[in-house]
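In: no FASTA, just this:
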């Protein structure tokens, strides 16, 4: 068993005969919205302060409101967030069900309502891979060969080689994303410069901005971003092949999410709700699109 988070972002509160009607928006993918009978047990201000216990049972919930009963509703204010959790069966991961790069790329294409994945253009990836210093995962190359760079659900940009704009070009975007992370790894007093992200001698002494799963000698390659200033990376580890590189997400601030699956499987999991992201899930409720 594992837990799934439930949240609702409150814009206004009004008393009704059953309890309280909260106008606003549920968090996460629709698959993770609270159902009637489930509970919100915490409330806090939007910035995370003022946390308090509540016991609010969901009577109904839609994309724009929820009706709750119980205790603590009289404490709620606009810009509050209520949250809870439920236990679900821990089924096999997305990555376990997508056994090859071809499977992962084709599954992602189906979810995005794209034409069937063909043989691909057979692009020469060697100049890009030489510039990066790494061969790239097969599912990503198959997907880009077939469909090019594009925007998932008008929110997440998947970059590709030779993009017509800096924000769509894999090499130019990756250079920018790595520089942003490098400056954080070094800390406020560090000299950014150009050095390997895995060079622990350049990290801030307390490694506060270096995620716990990232070790000396590791690397990051960014293949995408959002309009909110978030980055999507492959976590490059010296002892695993590119097709096994997991995807990590970094929001505009200091926080990371780690998905434990590759490019195609991570995007597919976010679109279906198999992967729950605090920052991305709410943008991927569907219908799904991919366009430049």
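Out: Done, it's in. What you are looking at is a predicted structure, and each value in this text was computed from that prediction instead of being measured.
In: Next, the buried residues of the lengthiest strand in the chain.
Out: Across the chain, the strand with the greatest residue count (assigned by DSSP state E) is strand 2-16. For strand 2-16, a neighbour-count test (16 or more other C-beta atoms under 10 Å) marks 4, 6-10, 13 as buried. For glycine as for every other residue, the C-beta is placed from the backbone atoms N, C-alpha and C.
In: ok, so of those, who is nearest residue 154?
Out: Closest to residue 154 out of these is residue 9 (20.0 Å), distances taken as C-beta to C-beta.
In: Below-threshold pLDDT in the stretch 101-250 of the chain: ranges please.
Out: Across the stretch 101-250 of the chain, the ranges flagged by pLDDT under 70 are 119-122, 192.
In: mind redoing it with 80?
Out: Along the stretch 101-250 of the chain, the parts satisfying pLDDT under 80 run over 118-122, 163-164, 189-192.
In: ranges for the helices of it?
Out: 101-111, 126-132, 138-147, 170-185 (DSSP state H, counting those that start in this stretch).
In: Which other helices and strands does the first one contact?
Out: For helix 101-111, the contact count by 3 or more C-beta pairs under 8 Å, 6 or more residues apart in numbering; DSSP states H and E identifies helix 138-147, helix 263-272 as packing neighbours.
In: tell me the most buried of these?
Out: For the helices and strands packed on helix 101-111, ranked by mean neighbour count under the definition mean count of other C-beta atoms under 10 Å, the leader is helix 263-272 at a mean of 26.
In: Who are the packing partners of that one?
Out: helix 94-97, helix 101-111, helix 138-147.
In: now those as TSV including distance to residue 221?
Out: Below are these laid out as TSV (distance: least, C-beta to C-beta, whole Å):
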stretch	distance to residue 221
helix 94-97	18
helix 101-111	16
helix 138-147	10
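In: show me what contacts residue 248?
Out: 211, 213, 220, 232-235, 256-259 (C-beta atoms under 8 Å, 6 or more residues apart in numbering).
In: quick check, nearest of those to residue 165?
Out: residue 232 (17.3 Å).
In: ok so, going back, compare the helices and strands packed on helix 101-111 and report which one is nearest to residue 187.
Out: helix 263-272 (28.8 Å).
In: So in that sheet, which strands flank the longest strand of the chain, and in what orientation?
Out: strand 19-26 (antiparallel), strand 80-88 (antiparallel) (DSSP bridges).
In: Of those, flag the one that's most buried.
Out: strand 19-26 (a mean of 19).
In: can you give me the angle the next helix or strand after that strand makes with strand 80-88?
Out: Where DSSP states H and E defines the elements, the next helix or strand beyond strand 19-26 is strand 39-45. Counting by axes from the mean of the first three to the mean of the last three C-alpha atoms, to 10 degrees, strand 39-45 lies at 150 degrees to strand 80-88.
In: Show me which residues of strand 39-45 are buried.
Out: So strand 39-45, judged by 16+ other C-beta under 10 Å, has buried residues 39-43.
In: Quote the end-to-end distance of stretch 162-179.
Out: This stretch, stretch 162-179, spans 20 Å end to end (C-alpha to C-alpha, to the nearest Å).
In: Now find how far off-centre that stretch is within its chain.
Out: 19 Å (C-alpha atoms, centre = their mean, to the nearest Å).
In: what's that stretch in contact with?
Out: 128, 131-132, 149, 157, 159-161, 192, 197, 220-225, 231, 233, 292.
In: One more pass at 10 Å, please.
Out: 123, 127-128, 131-132, 136, 140, 144, 148-151, 157-161, 192-194, 196-197, 219-225, 227, 230-234, 250, 292 (C-beta atoms under 10 Å, 6 or more residues apart in numbering).
In: which among those end up buried?
Out: Buried among the contacts of stretch 162-179 by 16+ other C-beta under 10 Å: 128, 132, 136, 140, 144, 148-151, 157-161, 197, 219-225, 230-234, 250.
In: and which of the buried residues of strand 39-45 is nearest residue 271?
Out: residue 40 (25.9 Å).
In: these two touch, right, that closest one and residue 22?
Out: Yes: assessed by C-beta atoms under 10 Å, residue 40 is found in contact with residue 22 at 9.4 Å.
In: who touches both of the two?
Out: With C-beta under 10 Å, 6+ apart as the test, residue 40 and residue 22 both reach 8, 56, 58, 66, 68, 73, 76, 82.
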